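Engineer: sequence below, structure please.
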Amino acid sequence: MLSVVIPTRDKAASLRATLTALAAQRCPLPYEVLVVDDGSADGTRETLRALDGELAAPRPRVVAGPARGRAAVRNAGARAARGERLLFLDDDILTPAGHLAAHAQAGARTVLAHGPLREFPGARRWLDRHRDAPVAELAAAAARVVAGTEGRLPRNTLETLICAMDAGQVPPVAPWAACVGANTSMPRALFERVGGFDEEFGRGWGCEDLELGVRLFAAGARAVVPAAAAGVHLTHARPDRWDQHAANMERFRALHDLPAVRLLPELLGEGGGVRAYVAACVQ
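Structural biologist: Predicted structure coming up:
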């Protein structure tokens, strides 16, 4: 079984779109969906109750989050999951119909599967337009976004690096970068063997997923990037993003004193890019 773990907090509209897209999946293998609600106060529970009667099975199972940040929320979902493979999916990702099948079929004991992500800069307007749409209408609109017919879908720098490494266009300077918490699956046994996400990252944004990736690869994981597991991120603003990221980056570097970790600001910082990062790593 594949367990889909979706952490959420105060993002009812995007969560509704994510779950609606998931309900249109064509997956030949059994799967479950767990929504880990980390204390939402924006009507998320009401949204989930309304969806319960509208979505095809399997309906989402709601788990209470521990209110200690993204790492702890994902770990809580993993503990409640029943599957042998865990897919961590964010609450603002739209997926194509073959998404879950692609993750479920990457089931080798050491394979980490990352679905490549594109950004949807027009997401806020799109969500406003479809906020009260019936599920069938929302599903059709989500399918159009995933198909690329409702606006441009660029890649961010991290996704560009992951895809370039997978295609052999650049050296594999940071294979663990494929462990992106927004759309990545892995064997439960491997996840548990390395201890899951590091909850000491707290409530700040960033790096807790990449840090897990370093430990997974040290334990023998390898990455695949199946195109069928792709997703579209409903882009949103995060005013304090860089301050939070800088603090978590410091913890990441303290835990793993590796060149590819130390040089991450060349990739993820404001104005960073793949070419500068790879060049710095191979010097």
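Engineer: ignoring the adjacent residues along the chain, who's closest to the spatially most central residue of the chain?
Structural biologist: Centroid check for the chain by C-alpha atoms, centre = their mean gives Ala182 as the closest residue, at 0.8 Å. Nearest in space to Ala182, with sequence neighbours left out and distances taken as C-beta to C-beta, 6 or more residues apart in numbering, is Asp90 at 4.1 Å. Quick note: C-beta positions are derived from backbone N, CA and C, even for glycine.
Engineer: and that neighbour, how far is that from Ala279?
Structural biologist: 30 Å (C-beta to C-beta, to the nearest Å).
Engineer: which of those two has more neighbours?
Structural biologist: Each of Asp90 and Ala279 has its neighbours counted (other C-beta atoms under 10 Å); Asp90 has more, 22 against 14.
Engineer: would you agree the more buried one is in contact with Asn183?
Structural biologist: Yes: with contact defined as C-beta atoms under 8 Å, Asp90 and Asn183 form a contacting pair (7.1 Å).
Engineer: mind listing the strands for this protein?
Structural biologist: 2-8, 31-37, 61-64, 85-89, 93-94, 111-114, 117-119, 183-187, 222-224, 231-233 (DSSP state E).
Engineer: show the average pLDDT along the first one.
Structural biologist: The average pLDDT for strand 2-8 rounds to 97.
Engineer: so which elements touch it?
Structural biologist: helix 12-22, strand 31-37, helix 70-80, strand 85-89, helix 99-104 (3 or more C-beta pairs under 8 Å, 6 or more residues apart in numbering; DSSP states H and E).
Engineer: can I get those in a markdown table including mean pLDDT, distance to Val170 and mean neighbour count?
Structural biologist: As requested, the helices and strands packed on strand 2-8 are arranged in a markdown table below (pLDDT from 0 to 100; distance: least, C-beta to C-beta, whole Å; neighbours: other C-beta atoms under 10 Å):
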| stretch | mean pLDDT | distance to Val170 | mean neighbour count |
| --- | --- | --- | --- |
| helix 12-22 | 96 | 31 | 24 |
| strand 31-37 | 96 | 33 | 22 |
| helix 70-80 | 97 | 28 | 22 |
| strand 85-89 | 98 | 25 | 25 |
| helix 99-104 | 95 | 23 | 24 |
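Engineer: ok, which of those comes nearest Ala246?
Structural biologist: Minimum separation from Ala246 across these (C-beta to C-beta) falls at helix 70-80, 16.4 Å.
Engineer: if anything else comes up later, I'll come back, but that's it for now.
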